[in-house]
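In: Pasting a predicted model and its sequence here:
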Amino acid sequence: MWNINNDSYFKTDNRGMSLVELLVSLAVLSIVLAMLAAIMMNVLNVSVRTNSNVALQNESQTTMNLVVDSIMGARGLIYNEEEAKDPGRELAFLYLGDLTWDGVSGNDAVYTGDVIVYQKANGTDDYKYGELYLLSFDSSDDPDHGKRVVSTTGFSDLVTKEEHFKTIVNTLTSDIEAAFPSDKAARKQYLMGKYVTKFEVGVIDYDKWKGDPELAVEGVNPKNPLVVDGEVVNNTITYYYCGPVVLSLDMDFEMEYRPSQTLNRPMDDSVTIRNRLPYIFLKPYSGTDEYGMIYLK
């Protein structure tokens, strides 16, 4: 009869794992850990990309909505597309307010209303991507936020109002560009949107704007005649539009979520301006003056 209390009943092997078994175990463990690490890195990359994509979508949609709302409420339109595409310029301006001038040399031109400023990317840490800012100028005399005044002293009566208007626009742009803060922290209060790599405004159905036959007499504009040596000569006629002014808005947004890995979100929209505009000034990038200055009734 067996005695279970007898120590000889139990056989114990104290030899442990062999070196080969240990190496195999470590190899298997290394493979498992590598697979887990790869899975975790993939999950982390997907998470970072997803979060960045959501952030970029929110930023781009919010910026687009703000720009569309501003354009829809425009009381005038001045845009130089050449500024927006010229690599030598860092700022471009879209004027959406009132520019008033009675056409009399020596009387000041006055601008009030909103201006969208496009700061293009310039390769620096501050502006790796472009940004949009919204400036507003009221009718007060405040040096920072009040009306912008452009002197017309010295304007020649032999130059058309359209040409004077272009001079006024250039002077206005230089004034606002000089007054706009260069420090990024100081600009924060005007920030409209970030990560902007493209900002273009175009015209839809330009043919809708036609010369008004009732105001055109042998090519002479009676509201703005050009007189040379006592003779009234041909001049640009006044324009009217057959329907609401509709603009195309084309924007690109870009965000780097990891080194050398970026997300891009192009957005475009057509925007109908609600108000009747007294003028439109558009200069395309082609270098020509195809659009130029257009007065609208």
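Out: Sure, I can see it.

In: from here on, contacts and neighbour counts on C-alpha atoms
Out: Will do.

In: host element of the closest residue to residue 66 other than its chain neighbours?
Out: The shortest distance from residue 66 to any non-neighbouring residue, by C-alpha to C-alpha, 6 or more residues apart in numbering, is to residue 192 (7.3 Å). Residue 192 belongs to strand 191-203 when assigned by DSSP states H and E.

In: Which residue comes closest to the residue positioned nearest the centre of the chain once chain neighbours are left out?
Out: When C-alpha atoms, centre = their mean is applied to the chain, the residue found nearest the centroid is residue 199 (4.0 Å). Excluding the flanking residues, the one nearest residue 199 by C-alpha to C-alpha, 6+ apart is residue 251, at 4.7 Å.

In: Now the helix or strand containing that neighbour: average pLDDT?
Out: Taking DSSP H and E as the definition, residue 251 sits inside strand 246-258. Averaged across strand 246-258, pLDDT comes to 90.

In: Show me what counts as buried in it.
Out: Using 16 or more other C-alpha atoms under 10 Å as the test for burial, strand 246-258 gives 246, 247, 249, 250, 251, 252, 253, 254, 255, 256, 257.

In: For the fourth one, which residues count as its bridge partners?
Out: With beta bridges defined as DSSP bridges, residue 250 has these partners: residue 200, residue 268.

In: State the distance from it to residue 271.
Out: Noted for residue 250: a distance of 11 Å to residue 271, by C-alpha to C-alpha, to the nearest Å.

In: Then the third one?
Out: Counting by C-alpha to C-alpha, the gap from residue 249 to residue 271 is 7 Å.

In: Over to residue 197?
Out: Applying C-alpha to C-alpha, the value for residue 197 to residue 271 is 20 Å.

In: Pull the number of nearby residues for residue 132.
Out: Residue 132 has 22 neighbours, counted by other C-alpha atoms under 10 Å.

In: show me where pLDDT drops low in the chain?
Out: Regions of the chain meeting the criterion pLDDT under 70 cover residues 1-17, 82, 158-162, 205-243, 279, 282-297.

In: And residue 45, which helix or strand is it part of?
Out: helix 19-72.

In: Can you name the element that comes right after that helix?
Out: Using DSSP H and E, the helix or strand that follows helix 19-72 in sequence is strand 77-80.
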